[in-house]
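> pasting the sequence and the predicted model now:
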Amino acid sequence: MDFRQLETFIEVANLKSFSRAAEKLYITQPTVTNHIQNLEKELGTLLINRSGKNISLTEAGSLLYKYAINIINSCEMAKFDLAAYKGRIQGHINIYSSSVPRKHILPQIMERFLHEYPDVTFTLSDEDSKRVVHSIIDGDTDFGIVGAKYPYNSLDYIELIEDKLLVITPNNSQYNAPNYSYLNINQIYGEKILLREEGSGTRSLLENELGSMNIDIGDLDIVAYIEDSETIKELVHLGVGISFLSEKSVVDDIKLDKYKVYYLDGIDLSRRFYFVYHNKRQLSPLNETFKNFVLDYIKNFNIKSSK
């Protein structure tokens, strides 16, 4: 049984796509098809149901998948343990994260991890919370950091840190109350509002909390949907409108008086960030090491209460 065929089979099963498996493995789609067909021929059974664009594992495919994961990861574990024995653990980690934890949580985690494993490299991708979760479900990555929970039985969420959303406003005579005082909800009606894109944890929290007060976010005067919080800050600074951003992301700007920040009276805009991972997928040795490192980091360094 060829290792490359097993790797291809695993990626097709995870991604439910021959073309996406080809992209991830840097091989052609006909090569993927050939690997699967040869594996099915060798085993004498159909492994994958192909019905139009829908791909699923047969019962035989589901059985093989469990063994294939163990075979590939046993090989990876052997390489990993031998590298550790020689005093050099190498590899590459892909981490998906929403914007606030990417800037304010992950740097300290990665600094400590790389101090312990200096030969590891990593890619850090900026995605909103919904896309991070979908990337894990679709098999593009094994874990990520998000600012909102999306319910899937196959995912575990571990709390990392607490945060709050603040209203940020231009620093002008209209908003002359001290920073971190309270605005009434009525004061944001009629104001032009800059909102994060759909799928962001920030927007999801805001919509849910306003909805609990029977306030439809569509009733607000929303003039823009923006993915980048730094762009939102600059637009608020220029007086284009007001917005809602993480308390952690505005600390340095407040010292420069770029804009004003307020809590919204009567609405709880507190939230949590989570390390999320797939609980039914066998991780590679390096990814398992990183996952365990993060879980130990959360436990030992108590970053939930950090500011």
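Yep, that arrived.
> for the rest of this, base every contact and every neighbour count on C-alpha atoms.
Noted.
> let me see the mean pLDDT of stretch 78-88.
Stretch 78-88 carries an average pLDDT of 67.
> let me fix that: stretch 198-216
For stretch 198-216, the per-residue pLDDT averages 82.
> okay, that stretch in CSV with CA atoms only?
Extracted C-alpha coordinates of stretch 198-216, given in CSV (Å, rounded to 0.1, in the frame of the first residue of the first chain):
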residue,chain,number,x,y,z
GLU,A,198,-20.4,39.3,8.2
GLY,A,199,-18.8,36.4,9.9
SER,A,200,-16.6,38.4,12.3
GLY,A,201,-17.0,37.7,16.1
THR,A,202,-17.4,41.4,16.7
ARG,A,203,-20.3,41.8,14.4
SER,A,204,-21.9,38.5,15.6
LEU,A,205,-21.8,39.7,19.3
LEU,A,206,-23.2,43.1,18.4
GLU,A,207,-26.1,41.6,16.4
ASN,A,208,-26.9,39.1,19.1
GLU,A,209,-26.9,41.6,22.0
LEU,A,210,-28.9,44.3,20.1
GLY,A,211,-31.3,41.6,19.0
SER,A,212,-31.8,40.6,22.7
MET,A,213,-33.1,44.2,23.2
ASN,A,214,-35.4,43.9,20.1
ILE,A,215,-33.1,46.2,18.2
ASP,A,216,-32.6,45.2,14.6
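> for it, buried residues please.
Judged by neighbour count (16 or more other C-alpha atoms under 10 Å), stretch 198-216 contains these buried residues: G199, S200, G201, T202, R203, S204, L205, L206, E209, L210.
> save those residues as TSV, and put in secondary structure too.
Listed next are the buried residues of stretch 198-216 as TSV, based on DSSP: H, G, I helix; E, B strand; the rest coil:
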residue	secondary structure
G199	coil
S200	coil
G201	helix
T202	helix
R203	helix
S204	helix
L205	helix
L206	helix
E209	helix
L210	helix
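> what's the closest of those residues to D163?
T202 (10.5 Å; C-alpha to C-alpha).
> which residues does E198 contact?
S204 (C-alpha atoms under 8 Å, 6 or more residues apart in numbering).
> wait, a helix at it?
No. Read with three-state DSSP, E198 is coil and lies in no helix.
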